[in-house]
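*Asks:* Please work out how this folds:
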Amino acid sequence: MQEHELAQRVELLERRVQILNRLAEMSTAINSTLQLEPLLQLIMQAAAEITDSDSASVLLWNRHTNKLFFAATTSSGTMANSLIGQPVPLKGSIAGTALTENRIEVVNDVTADSRHYSGIDEKNDFETRSILAVPMRLKDRPIGVLEAVNKHELPWTEDDNHYLSILAAQAAVAIESAELVTALKKANTELSEIDKLKNDFIAIASHELRTPLGVIMGYASFLQESDDKEVVGHAQKVLDSALALRQLIEDLTNLRYLQQKQIDLHREPVTVSKLVQECLRNTREFAETRGHQLEIVLAASDVELVVDVGRIQMALNNILNNAMRFTPDGGHIVVQTEINNDNEVWIKVIDNGIGLEPEQSERIFEQFYQVENHLTRVHGGLGIGLSIAKGMIEAHGGRIWVTSNGLNTGTTFTIALPIEEEILREQSS
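*Replies:* Have a look, this model is predicted:
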């Protein structure tokens, strides 16, 4: 073998090693970048470098218009600005053929190929002489086309095809990931904006409803002093509805505060027995109207908790009201307390009501979730009482969960509240 030929082969091998190393570097760089624009720049720079070309471009497929468009180019200045976003038809173009036929298009002389889309050159004062176009696909789904333009030493080689195909395959996965991340960020931003609008609406609605509601309640209370029993009866219905609406406003306000983590807790010591008995007093009237039997089963030893009494009572009231609403008239509801592992108080609300299916147990604490179909439900409510209860309990460092053996087997809600270590020491001494 002649020395000159040997030197050429060594040079070719060195070139291949350099390109393979470059592809390995690109694989790492591409997969560590989730921002689309920097990612496209990396891909194009590598494409031009490994094919020894003047420039490279990435064209992405728009499924809505069914066209390719220039997403990025190594060209700079005004040409790059004017090129980005320009469409290229799938039919009758080199890039379009590469994508639709899923094959590499090698064009050493564009003047001899009628598919060359010369309109791009004319618009950007550029001369395209040769093109190597490689489709980017993810499984069977089109992503776009990676183009190298104007190779310095023609013709395009099998190595060019091979290396650009490797880069295009890596690029397809990376572009898909970057687009998914971008879409996810956009969706999260939109959700945040919707959530803010919802909170603003709740705040405004709550504020605007309070004044007229106060007037309605005032007039209803005044009418209750009438000597006409029929008027008194109607006034009571108005007052009951107004009180229900006021509670709804309070629930929405509490929900907003919980979402924004703006709940202030005013903690004070209270015994578990007192907490439970007070809650039952608050709900006994409702229980009597439904014919429910309420039962308390207290732990053998009573302990103190340091909690915001009003907030915990609200949580317990919501759970008790839920149990009474979803238990047929004449039901049996038990409130049971116990000490667990000497560091938690468990308060259980056990009913013999309609029960829950397994998938409902997972969702019942979600905001606005309804166990019943919205068209056929008979129990009313917005579906936020349990969500508020969960938020109040967790704000105290506690837990809440529900268990049920299925429909018509009743449910058991369990609240677990931590016992402060100092109180434990005092009560054990």
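*Asks:* What separation is there between the residue nearest to the spatial centre of the chain and V181?
*Replies:* The residue lying closest to the centre of the chain (Cα atoms, centre = their mean) is N188, at 6.4 Å. If you measure N188 against V181 using Cβ to Cβ, to the nearest Å, the figure is 10 Å. Bear in mind the C-beta positions are built from the backbone N, C-alpha and C, glycine included.
*Asks:* domain ranges for this protein?
*Replies:* Residue ranges for the domains of the chain, per automatic domain parsing: 3-186, 268-428.
*Asks:* Those domains: which one's closest to S241?
*Replies:* S241 sits nearest to domain 268-428 of all those, at 12.0 Å, using Cβ to Cβ.
*Asks:* Need the domains of the chain in CSV (columns: distance to A235 and mean pLDDT).
*Replies:* Formatted as CSV, those follow (distance: least, Cβ to Cβ, whole Å; pLDDT from 0 to 100):
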stretch, distance to A235, mean pLDDT
domain 3-186, 53, 86
domain 268-428, 19, 84
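*Asks:* The ones you listed: which one's closest to L245?
*Replies:* Per Cβ to Cβ, nearest to L245 of these: domain 268-428, 11.6 Å.
*Asks:* ok so, going back, so for F222, which of the domains of the chain sits nearest?
*Replies:* Per Cβ to Cβ, nearest to F222 of the domains of the chain: domain 268-428, 23.3 Å.
*Asks:* roughly how far is the closest one from the heart of the chain?
*Replies:* What separates the centre of domain 268-428 from the centre of its chain is 28 Å, taken as Cα atoms, centre = their mean, to the nearest Å.
*Asks:* Spatially, what comes nearest to G353 if we skip its sequence neighbours?
*Replies:* T327 (3.4 Å; Cβ to Cβ, 6 or more residues apart in numbering).
*Asks:* before we move on, what SS does the one you found have?
*Replies:* Secondary structure, DSSP: H, G, I helix; E, B strand; the rest coil: T327 is coil.
*Asks:* Now do the contacts for it.
*Replies:* 290, 292, 333, 351-354, 410 (Cβ atoms under 8 Å, 6 or more residues apart in numbering).
*Asks:* Contacts for stretch 43-50 next, please.
*Replies:* Counting by Cβ under 8 Å, 6+ apart, 19, 22-23, 26, 30, 53-58, 72-74, 146-148, 160, 163-164, 167, 171, 174 sit against stretch 43-50.
*Asks:* My error: substitute stretch 282-295 in the last question.
*Replies:* So stretch 282-295 is contacted by 280, 313, 317, 320-321, 324, 327, 329-335 (Cβ under 8 Å, 6+ apart).
*Asks:* Please identify the buried residues of that stretch?
*Replies:* Across stretch 282-295, burial judged by 16 or more other Cβ atoms under 10 Å covers 283, 287, 292, 294.
*Asks:* from the residues you listed, which two are the most distant?
*Replies:* T283 and H292 (9.4 Å).
*Asks:* which residues of the stretch 251-400 of the chain fall in strands?
*Replies:* Along the stretch 251-400 of the chain, the segments classed as strands by DSSP state E, counting those that start in this stretch run 268-271, 293-297, 304-307, 332-340, 344-351, 399-403.
*Asks:* for those strands, which one sits closest to R9?
*Replies:* strand 399-403 (71.5 Å).
*Asks:* Next SSE downstream of the closest one?
*Replies:* strand 411-418 (DSSP states H and E).
*Asks:* partner strands of that next one, parallel or antiparallel?
*Replies:* The pairing partners recorded for strand 411-418 under DSSP bridges are strand 344-351 (antiparallel), strand 399-403 (antiparallel).
*Asks:* want to throw those into a markdown table with distance to H152 and mean neighbour count?
*Replies:* Shown next, in a markdown table, are the strands paired with strand 411-418 (distance: least, Cβ to Cβ, whole Å; neighbours: other Cβ atoms under 10 Å):
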| stretch | distance to H152 | mean neighbour count |
| --- | --- | --- |
| strand 344-351 | 75 | 20 |
| strand 399-403 | 68 | 16 |
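*Asks:* mind checking which of those is nearest D113?
*Replies:* The nearest among those, by Cβ to Cβ, is strand 399-403 at 68.4 Å.
*Asks:* Specify which member of the contacts of T327 is nearest to P142.
*Replies:* Once Cβ to Cβ is applied, the member of these that ends up nearest P142 is I354, at 51.1 Å.
*Asks:* Any figure for the gap between the closest one and M324?
*Replies:* On the measure of Cβ to Cβ, I354 and M324 end up 12 Å apart.
*Asks:* neighbour-wise, which of those two wins?
*Replies:* Taking neighbours as other Cβ atoms under 10 Å, I354 and M324 compare with M324 leading, 22 against 19.
*Asks:* isn't the more buried one right up against I333?
*Replies:* Yes. Under the criterion of Cβ atoms under 8 Å, M324 makes contact with I333 at 6.5 Å.
*Asks:* hey, what's in contact with both of these two?
*Replies:* Common neighbours of M324 and I333 (Cβ under 8 Å, 6+ apart) are 287, 292, 351.
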